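Novice: The sequence isn't on hand, but the structure is:
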Ligand SMILES: Cc1cc2nc3c(=O)[nH]c(=O)nc-3n(C[C@H](O)[C@H](O)[C@H](O)COP(=O)(O)OP(=O)(O)OC[C@H]3O[C@@H](n4cnc5c(N)ncnc54)[C@H](O)[C@@H]3O)c2cc1C
């Protein structure tokens, strides 16, 4: 068992941290006010390689494995205070671009991947519907065969990047009678007649990551828009979730590292009862617990990536990692606020933002209850 990073991984992590710290924080206050990232920051994510970290080099990506991708995402998120931007970039890469890498035909890959990787185009993944959230395969959007193509009808909701996306990976039923086996995946251009995006939803966390509904009203796509075979939708979505539940959640490890550094600084500097807060054992123990939670989650996530890189599909390990990271992020967000006292709840201090960014992590990529169910099933319960 070797827990050390390779020289390349170390360099990648250092570069990601440095790039994000120096290039992406300047206009963050403006992005917060506008509640969305801009094409310029998106282009910078592409310039570093984040948008194509795990994409093979032949399509312009960095060609990293899952563990190295997670290490890059982690340090990028540690350096970039705009967690919404990092979340959007990771959702784009892991739930839209990676399914294209793994399941699109070669023509489609050559046509769309360079733009998605370089930051010229933005991708989104649309599966959730009003009546199909946790019960995700209960979706009712249909893709009915019509001549040489399909006609898509239905409404998707909570689609990350929808207000700004150029391409949508859409899951729809090609065979409504066949339950989850009748779901297929389609790549749909924003400009396709019949596709319309709703008004951005106002989110309390990850605020620069724009979210909206997407409607398909007799939206006609060619047969070549389908990824894989008819009925492959569930397989494609599950594979994308293995990427997302590991590599995207690495961002929260970086956020927790930054948070811990700030908390340690604060409890050392802030004096009450004629001594630093850090000298109070209950304060120091709370910080020690933050560190323990972070390192436990980090080990689970790295191991889960390592298993993916070995070519195994262990949903048990992926769920353990996702659950541990999201719950650590929420608890540490609460602890950070508590340790800052009243300043912790003042919006301008930014301390409470980390909690608001962490709360959605227990909901997207399937909720904590769904992951506990999955773990229990794998344990034979
Ligand atoms: C920030 C954010 C970004 C998102 N981005 C995308 C995106 O890009 N594309 C996309 O398609 N979707 C996206 N989603 C949607 C996300 O996938 C869903 O929110 C998620 O699957 C949960 O569905 P729901 O919100 O309908 O909650 P519900 O399914 O209604 O769940 C509500 C509560 O009931 C619990 N519950 C439900 N079923 C069970 C059960 N069987 N046992 C125990 N408890 C249960 C849940 O755990 C939860 O606590 C995003 C969500 C968020 C918050």
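Specialist: Thanks, I have the structure now. Note that the structure is predicted; figures quoted are calculated from it, not measured. Numbering: from 1, shown residues only.
Novice: Any residues of the stretch 101-250 of the chain in contact with the ligand? List them.
Specialist: 125, 126, 127, 128, 133, 134, 158, 159, 160, 206, 211 (CB under 6 Å from any ligand atom). (Each C-beta comes from the backbone N, C-alpha and C, glycine too.)
Novice: any idea of the pLDDT on the residue lying closest to the last one once chain neighbours are set aside?
Specialist: In this case it means residue 211. Distances taken as CB to CB, 6 or more residues apart in numbering place residue 201 nearest to residue 211, at 4.9 Å, with adjacent residues excluded. At residue 201, the model reports a pLDDT of 95.
Novice: Would you agree residue 201 is in contact with residue 160?
Specialist: No - between residue 201 and residue 160 there is no contact under CB atoms under 8 Å: 10.4 Å.
Novice: Give me the more crowded residue out of these two.
Specialist: Taking neighbours as other CB atoms under 10 Å, residue 201 and residue 160 compare with residue 160 leading, 27 against 14.
Novice: so which helix or strand takes in the nearest residue to that one once chain neighbours are set aside?
Specialist: Once flanking residues are discounted, residue 160 sits nearest to residue 91: 4.5 Å by CB to CB, 6+ apart. Assigned by DSSP states H and E, residue 91 belongs to helix 83-92.
Novice: coming back round to it: tell me the two of the residues of the stretch 101-250 of the chain next to the ligand that are most distant?
Specialist: Farthest pair in those (CB to CB) is 134 and 206. Separation: 19.5 Å.
Novice: I'd like to know how far the nearest residue to residue 361 once chain neighbours are set aside sits from residue 263.
Specialist: Excluding its sequence neighbours, the residue lying closest to residue 361 (CB to CB, 6+ apart) is residue 326, at 3.9 Å. Computed as CB to CB, to the nearest Å, the residue 326 to residue 263 distance reads 19 Å.
Novice: can you check residue 154 too?
Specialist: Using CB to CB, residue 154 is found at 45 Å from residue 263.
Novice: do you know how far whichever residue of the chain sits closest to the ligand is from residue 370?
Specialist: Taking CB to the nearest ligand atom as the measure, the point where the chain comes nearest the ligand is residue 133, at 1.8 Å. Separation of residue 133 from residue 370 (CB to CB) stands at 10 Å.
Novice: And the helix or strand that contains residue 285, what does it pack against?
Specialist: Secondary structure from DSSP H and E places residue 285 in helix 281-309. Judged by 3 or more CB pairs under 8 Å, 6 or more residues apart in numbering; DSSP states H and E, helix 281-309 is in contact with helix 66-79, helix 250-269, helix 315-339.
Novice: Which secondary structure elements does whatever helix or strand comes next after the last one sit against?
Specialist: It refers to helix 315-339. Using DSSP H and E, the next helix or strand after helix 315-339 towards the C-terminus is helix 351-358. Applying 3+ CB pairs under 8 Å, 6+ apart, we find helix 351-358 packed against helix 83-92, helix 250-269, helix 315-339.
Novice: That'll do, ta.
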